[in-house]
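Engineer: pasted the sequence and its predicted model underneath.
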Amino acid sequence: MTDVPSTPAPMPPPGGPDPEWDGEAAAEAVRKKVQAILLRESEISLDQQGRVIIDRGSTRVFINFFPQPERKVVYVTLTSPVAYYVPITSGLFEHIAREADKWYFGHLAMSPYADDTEHAGSAYVYFTYSLVGDFLDPDELTIPVFAVLNTAAAIDDDIVEKFGGEMFRT
């Protein structure tokens, strides 16, 4: 068996994050750019957390913005719910492991609910993709946004049928 060398994590710039870089202002600028691009393609809305939202069929995409001061960029995450309250089983783990990365844009993931909640023992299953928002052109944004939305809408019935849980309702 051959050892595969691990890739070292990128090093932050010397001296750490730039104290003059305003991450919140950068995130707001990216949010406005994303909104302007997506308004040409679809109806959008904003939720109370400042996420951009697009509904499509049985799901929606939540577009969130995360400033990264050590890199002076804003990460944009695209996340579409596939199913809520899915019982955690070995079959679900195997399905996620085998299917997670079979798409060009995005991957299937799950997040267990906390043990101290009424949904302990179950998970939130979602489809997600991340990109750097500072230099987006329209195609770099719209292609993954609609790929994530359409993929989640295409697989949610299958996940709920095989493993249980509830689909997202717009």
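Structural biologist: It's in.
Engineer: in the longest helix seen in the chain, what's buried?
Structural biologist: In the chain, taking DSSP state H as the definition, the longest helix is helix 138-163. Going by neighbour count (16 or more other C-beta atoms under 10 Å), the buried part of helix 138-163 is 141-142, 144-153, 155-156, 159-160, 163. Just so you know, the C-beta spots here come from the backbone N, C-alpha and C atoms, and that holds for glycine as well.
Engineer: and the closest residue to residue 47 other than its chain neighbours, what are its phi and psi?
Structural biologist: Nearest residue to residue 47 in three dimensions, chain neighbours excluded: residue 53, at 5.7 Å (C-beta to C-beta, 6 or more residues apart in numbering). Phi and psi for residue 53, reported as degrees, to the nearest 10, are phi -130, psi 140.
Engineer: look up how far residue 145 lies from residue 53.
Structural biologist: 11 Å (C-beta to C-beta, to the nearest Å).
Engineer: pull up the overlap in contacts between these two.
Structural biologist: 61, 63 (C-beta atoms under 8 Å, 6 or more residues apart in numbering).
Engineer: element containing residue 123?
Structural biologist: Residue 123 belongs to strand 122-132 when assigned by DSSP states H and E.
Engineer: in that strand, what's buried?
Structural biologist: Neighbour count says strand 122-132 has 122, 123, 124, 125, 126, 127, 128, 129, 131 buried, by 16+ other C-beta under 10 Å.
Engineer: CA atoms of it as CSV?
Structural biologist: Taking Å, rounded to 0.1, in the frame of the first residue of the first chain, the C-alpha atoms of strand 122-132 are listed here in CSV:
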residue,chain,number,x,y,z
SER,A,122,-31.8,11.8,12.9
ALA,A,123,-30.0,14.0,10.4
TYR,A,124,-30.5,16.9,8.0
VAL,A,125,-29.4,15.8,4.5
TYR,A,126,-28.4,18.5,2.1
PHE,A,127,-26.7,19.3,-1.2
THR,A,128,-24.0,21.9,-1.1
TYR,A,129,-21.3,23.7,-3.1
SER,A,130,-18.9,26.6,-2.3
LEU,A,131,-17.1,29.2,-4.3
VAL,A,132,-15.2,32.4,-3.9
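Engineer: need the strands for the protein, in chain order.
Structural biologist: Taking DSSP state E as the test, the strands found in the chain are 45-46, 52-56, 59-68, 73-87, 107-112, 122-132.
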